[in-house]
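Peer 1: Provide a 3D model corresponding to the input given below.
(one chain, ligands or ions: 3)
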Amino acid sequence: MASGRSTSGAADGRTMPTGGPGPGGTDDKAGFEILDDFTRFSQVDDVFSRSWWDPTIRSDTTERFYATYRRPLTEWRKANGFTQRDYAVRNASWHVADVFAEMYEDRDRRDGFLDDLSMLRDSASERLEPDSPQESTAQLKQVARTFGADLIGVTRFDERWVYTERFSIAAGGPKANDLPDNLDHVIVIGQAMNDGLIRTAPSALSGAATGLGYSQDALVLLAVAQYIRNLGYQAIPSMNDTALAIPLAIQAGLGEYGRHGLVITPEFGPRLRLGKIFTDLPLVHDQPRTFGVKQFCEQCDRCAGACPSRAIPHGEPVSVALNRSGIRGVRKWSVDGEACFGYWSKINSDCAICVRVCPWTRDYSKPWNRWWSRLAGTRLRGLMLRLDDRLGGSRRLKPTQWWSGVTNRGWAESRPRRIKPVDFRSITRLFHDGGDGPGH
Ligand code: B12
Ligand code: SF4
Ligand code: SF4
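Peer 2: Ligands and ions are numbered 1, 2, ... in the order given. The predicted structure is shown next:
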């Protein structure tokens, strides 16, 4: 990657002032609360990097966890969803993403995870000048959707979310995270994760939703970035590397932040993987959009109650980092990454229980779910939460059911056929509590 702007040093003239209003003054619209002690984050400190260099995280258990992604566990436990067949499908789903990640290991690169996706041709020498940024944005979105992007938004480059350093496996420590100059725009792309697989969480089988998300993301990001390069502009596609995806996705208008620390979108809820492209193609920016998630999470704590590692907070947003794997100076609901990853290592697969149980995870192609979300964003949110509880919206699909062809469970995916006989007393109680009543 061409090097120009070092993101690790002090302000370079375009650095956002800490505690500032964000690009274009979007912090208020995005619901961001950035405090004076804000400090940019280094990728060296995220839990995955720490599982390489930090003895308080790295252990025989974490080593085995990673090894299972190369060789399926055959004799681990008989549990439904953790058989050799489940590991086989999970690891196959990761295969394309793994090919890119391992392609340049000899150059100390892990494309898509610690380094940007670099398997690209150079930009065309002649630039095609668009009639207007509006036109190039519309064309970009049309191309991206055609290439398979489920969601796409554009925001201004915001250095606050760029990692100060990357993690070098060879050095077991930091390496530079340099971006070329003038990449003023960030395109954020969302890839929906497979609903049936997510419904089986926690299981090795549900990990296939993650792998598939990354493999599809890599292909879409590379193709869209190459399109931009063919127009004569710079484009750097990135999956988990380079910058924090969540604040960028919120600024680009993809969705709102939830208690479980994930972006919730009106189209897929939190069942989404995020990628981004840094570019100098002239583009117009989307605005953050809110649809009632924050107020809903204030009443709901289903993810916090369901998390087996108690990593998700029950209370108010806080500004203290829980450990060295948390960013400093942002008031938000924060997940304990050490605890979450500890659970993954124990079950030898990633977890997505918080995605499965979130009432916003539903099939929005169904009209009753679109109605549910419209009402969940109003004062009827308490009622909508209880309705989802009552109808078993967060239920787990047994992996053996998935293997026999069932891909949904509960009313959020299919029309509810067998609703329990109407209990008029409980309905009266629901209305009596009012839409804004306490959560469950
Ligand atoms: C490392 C990591 C993890 C680690 C460790 C996190 C850590 N603290 O080190 C663990 C194991 C916890 C993890 C788990 C999961 N992850 Co993860 N993770 C990442 C990764 C690669 C880096 C994030 C990071 O550096 N965190 C370290 C610091 C910054 O963490 P933090 O202070 O707690 O901040 C978190 C949030 O509060 C938010 N955030 C950070 N700064 C700011 C600022 C503002 C203003 C706001 C509002 C939010 C915000 O982002 C951070 C995400 O960890 C990102 C990809 C990326 N580059 O962003 C994916 C990512 C966040 N993970 C993702 C997902 C889906 C998951 C899982 C569901 C696993 C799965 N099966 O897919 C679980 C969910 C756990 C949970 N409820 O949060 C998605 C989220 C998509 C979405 N809908 O929002 C991402 C974006 C990956 C992707 N390519 O799509 N993850
Ligand atoms: S992924 Fe699992 S362990 Fe991690 S926060 Fe979500 S529910 Fe908890
Ligand atoms: S489960 Fe409830 S509290 Fe958690 S993110 Fe979803 S709506 Fe918010």
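Peer 1: strands of this protein, start to end?
Peer 2: Under the criterion DSSP state E, strands of the chain are mapped to 5-6, 34-39, 151-156, 165-168, 173-176, 178-179, 185-192, 235-238, 256-257, 263-264, 272-279, 328-330.
Peer 1: could I get the ones you listed as CSV with mean pLDDT and distance to residue 103?
Peer 2: Any C-beta I mention is one placed from the backbone N, CA and C, and that applies to glycine too. Formatted as CSV, those follow (pLDDT from 0 to 100; distance: least, Cβ to Cβ, whole Å):
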stretch, mean pLDDT, distance to residue 103
strand 5-6, 48, 25
strand 34-39, 96, 33
strand 151-156, 98, 26
strand 165-168, 98, 17
strand 173-176, 98, 18
strand 178-179, 94, 20
strand 185-192, 98, 20
strand 235-238, 98, 14
strand 256-257, 98, 34
strand 263-264, 98, 29
strand 272-279, 98, 17
strand 328-330, 97, 34
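Peer 1: can you redo the ones you listed as JSON lines with distance to ligand 1 and mean neighbour count?
Peer 2: Compiled in JSON lines, the strands of the chain are given as follows (distance: least, Cβ to the nearest ligand atom, whole Å; neighbours: other Cβ atoms under 10 Å):
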{"stretch": "strand 5-6", "distance to ligand 1": "19", "mean neighbour count": "16"}
{"stretch": "strand 34-39", "distance to ligand 1": "7", "mean neighbour count": "14"}
{"stretch": "strand 151-156", "distance to ligand 1": "10", "mean neighbour count": "23"}
{"stretch": "strand 165-168", "distance to ligand 1": "10", "mean neighbour count": "22"}
{"stretch": "strand 173-176", "distance to ligand 1": "14", "mean neighbour count": "16"}
{"stretch": "strand 178-179", "distance to ligand 1": "14", "mean neighbour count": "19"}
{"stretch": "strand 185-192", "distance to ligand 1": "8", "mean neighbour count": "26"}
{"stretch": "strand 235-238", "distance to ligand 1": "8", "mean neighbour count": "26"}
{"stretch": "strand 256-257", "distance to ligand 1": "4", "mean neighbour count": "24"}
{"stretch": "strand 263-264", "distance to ligand 1": "4", "mean neighbour count": "26"}
{"stretch": "strand 272-279", "distance to ligand 1": "4", "mean neighbour count": "25"}
{"stretch": "strand 328-330", "distance to ligand 1": "5", "mean neighbour count": "18"}
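Peer 1: to residue 398, which of the ones you listed lies closest?
Peer 2: strand 185-192 (22.5 Å; Cβ to Cβ).
Peer 1: and that closest one, what does it pack against?
Peer 2: Using 3 or more Cβ pairs under 8 Å, 6 or more residues apart in numbering; DSSP states H and E, the elements in contact with strand 185-192 are helix 133-147, strand 151-156, helix 207-230, helix 245-251, strand 272-279.
Peer 1: which one of those lies nearest to ligand 2?
Peer 2: helix 207-230 (10.1 Å; Cβ to the nearest ligand atom).
Peer 1: TSV for the helices and strands packed on strand 185-192, including distance to residue 302?
Peer 2: Shown next, in TSV, are the helices and strands packed on strand 185-192 (distance: least, Cβ to Cβ, whole Å):
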stretch	distance to residue 302
helix 133-147	32
strand 151-156	24
helix 207-230	19
helix 245-251	20
strand 272-279	18
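Peer 1: quick one: name the residues of the stretch 301-440 of the chain near ligand 3.
Peer 2: 301, 302, 303, 357, 358, 359, 360 (Cβ under 6 Å from any ligand atom).
Peer 1: could I get the contacting residues of the third one?
Peer 2: Translated: residue 303. Residues near residue 303 by Cβ atoms under 8 Å, 6 or more residues apart in numbering: 258, 259, 260, 312, 353, 354, 357, 358.
Peer 1: in terms of pLDDT, where does it sit?
Peer 2: Note on residue 303: pLDDT of 98.
Peer 1: burial of the closest residue to residue 102 other than its chain neighbours, as a residue count?
Peer 2: Counting by Cβ to Cβ, 6 or more residues apart in numbering, residue 102 lies nearest to residue 110, which is 7.7 Å off, once chain neighbours are set aside. Counted with other Cβ atoms under 10 Å, residues neighbouring residue 110 total 19.
Peer 1: export the contacts of residue 303 to TSV and tack on neighbour count, distance to residue 190 and pLDDT?
Peer 2: Converted to TSV, the contacts of residue 303 look like this (neighbours: other Cβ atoms under 10 Å; distance: Cβ to Cβ, whole Å; pLDDT from 0 to 100):
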residue	neighbour count	distance to residue 190	pLDDT
258	23	15	98
259	26	20	98
260	24	16	98
312	24	22	98
353	21	21	98
354	24	17	98
357	22	20	97
358	28	16	98
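Peer 1: just those that are near ligand 1?
Peer 2: Okay, of the contacts of residue 303 touching ligand 1 (Cβ under 6 Å from any ligand atom), that's 260, 312, 354.
Peer 1: assess the claim that the first one and residue 336 are in contact.
Peer 2: No. Here residue 260 lies out of contact with residue 336, judged by Cβ atoms under 8 Å, at a distance of 11.8 Å.
Peer 1: domain ranges for the chain?
Peer 2: Using automatic domain parsing, the domain parsing of the chain gives 5-353, 360-393+410-433.
Peer 1: where in the stretch 301-440 of the chain is pLDDT low?
Peer 2: 409-440 (pLDDT under 70).
Peer 1: mind listing the helices for it?
Peer 2: 302-306, 337-347, 353-357, 367-376, 381-390, 399-403, 424-433 (DSSP state H, counting those that start in this stretch).
Peer 1: figure out which of those helices is closest to residue 174.
Peer 2: helix 337-347 (18.5 Å).
Peer 1: appreciated, that's everything.
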